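# Quick one, structure for this:
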Amino acid sequence: MPAGVWKALAGVIVALLLAVIALDQWQAWQGEPSLLGFSLFTAAPATQGAPRAPGSAKAPRPLQPALSPAPPPTAVTSRLAVIVDGLGSRRDVFDLLKDLGRPVAVAILPDLPLSQEIAGEAARLGMEVLLDLPMEPYRYPELDPGPGALMMAMDPATAARILTKHLMALPGVVGVTNHMGSRMTEDRARMRAVLEPLRTRRLLFVDALTSNLSVGYDEARALGLRAGRRQVAIDASAGEDALRARWEEAGRLAVDRGEAIALAHGHPLTIRLLKEYIPRWETAGVRLVPVSHVVR
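The predicted structure follows:
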């Protein structure tokens, strides 16, 4: 065959190959699979609402709205333990506490109509239960600590027996705090006798500091108990503005110290305000924790 014919035939073959490659790459650019196994282009974005060829098995992908990046989680830098005391006759307050969904401890007075019931339910819900131990205050009998109180006139054995009875009556109890007791907590010998039964049961003690001269915390630590002091007392008899100021102080102390204990008297307004402040604290990096996490 003459050389000119061969050259013409070769040109036709090359042209056909180039056409095949061009068609294949056009399909790849349109998002169809490449027959040759490679693509020189990035697939073109599908036009929203564009019709597809009849018989195509590939379903169109709807456009997704742009999502904002999730905000980074707030770092937990501080811990706040809240104890709500004076419970044992107020079902409404306990129900408000359950709705918080946070690890708030309950301190329950002994020998009241709902003491055992509330303690048992709180323990089943995973809430920490403390005995709110009534003790003789100054200005007694003008100030009455209530039934089952430990009094200065009692000998140590009697006081220990009453305390043991209270502890055995409350399901799930993990520790003790004092209700009133401004006079008794200043007496080192009596406090040591009261705290001794806690050591054998490995219970914690939180000094409510009803007296600035209380030796309860020091004696508890001397006995090897895990113990703490409340930093903020929140009195339900105060008005709303005063209650807000105390809750704000609790959050501020937790931030400043790294951890704090707030002791609040059980009252519906107190708990409603607590519910209001919890998200503010969490935004600021303050997390509510069980009281057992902040005692030493």
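
# how many neighbours does residue 146 have?
A count of nearby residues for residue 146, using other Cβ atoms under 10 Å, gives 15. Bear in mind the C-beta positions are built from the backbone N, C-alpha and C, glycine included.

# do the same with the one 4 residues further on
Using other Cβ under 10 Å, the number of residues around residue 150 comes to 23.

# Test my guess that it contacts residue 135.
Yes: counting by Cβ atoms under 8 Å, residue 150 does reach residue 135; the two are 4.9 Å apart.

# Spell out which residues are contacts of both of the two.
Listed contacts common to residue 150 and residue 135 are 181, 184, 194; contacts here mean Cβ atoms under 8 Å, 6 or more residues apart in numbering.

# Look at the residue nearest to the last one when sequence neighbours are not counted and give its secondary structure.
Excluding its sequence neighbours, the residue lying closest to residue 194 (Cβ to Cβ, 6 or more residues apart in numbering) is residue 159, at 5.8 Å. When the structure is split into helix, strand and coil by DSSP: H, G, I helix; E, B strand; the rest coil, residue 159 lands in helix.

# so residue 159 touches residue 191, yeah?
No: Residue 159 is beyond contact range of residue 191, at 10.1 Å (criterion: Cβ under 8 Å).

# Name the residue in those two with the higher neighbour count.
Neighbours per residue (other Cβ under 10 Å) separate residue 159 from residue 191, with residue 191 holding more: 26 against 21.

# Now do the more buried one, the pLDDT please.
Note for residue 191: predicted pLDDT of 96.

# Quickly list the domain ranges of the protein.
According to automatic domain parsing, the chain is divided into the following domains: 1-36, 78-293.

# what mean pLDDT does the first one have?
Averaged over domain 1-36, pLDDT sits at 55.

# ditto for stretch 230-244
Regarding stretch 230-244, the rounded mean pLDDT is 93.

# What distance separates the opening and closing residues of it?
Terminal residues of stretch 230-244 are spaced 18 Å apart (Cα to Cα, to the nearest Å).

# Give me the contacts around that stretch.
83, 86, 177, 206-209, 246-247, 249-250, 253, 257, 260-267, 269-270, 273.

# for residue 137, what are its contacts?
Listed by Cβ under 8 Å, 6+ apart, the contact set of residue 137 reads 143, 145, 180, 181, 182, 183, 184, 210.

# Make a ChimeraX selection of the buried ones in these.
Applying 16 or more other Cβ atoms under 10 Å to these, the buried members can be selected in ChimeraX as follows:
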select :145,180,181,182,183,184,210
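
# Between all of the contacts of residue 137, which two are separated the most?
Spanning the widest gap among the contacts of residue 137 are 143 and 184, at 12.3 Å by Cβ to Cβ.

# pLDDT below threshold where in the protein?
Within the chain, the ranges that satisfy pLDDT under 70 run 1-76.

# the helices in it, which residues?
3-29, 91-100, 115-124, 156-169, 188-201, 216-222, 240-257, 268-283 (DSSP state H).

# Pull the distance from the fifth one to the chain's centre.
In this case it means helix 188-201. Relative to the mean C-alpha coordinate of its chain, helix 188-201 is positioned 31 Å out (Cα atoms, centre = their mean, to the nearest Å).

# residues making contact with that helix?
With contact meaning Cβ under 8 Å, 6+ apart, helix 188-201 is reached by 133, 135, 150, 152, 156, 159-160, 163-164, 167, 175-176, 184-185, 204-205, 215-216, 219-220, 222-225.

# now swap in the last one and tell me
Counting by Cβ under 8 Å, 6+ apart, helix 268-283 makes contact with 74, 80, 82, 84, 92-93, 96-97, 99-100, 102, 104, 234, 236, 240, 243-244, 247-248, 251, 254, 264, 287-288, all of which sit outside it.
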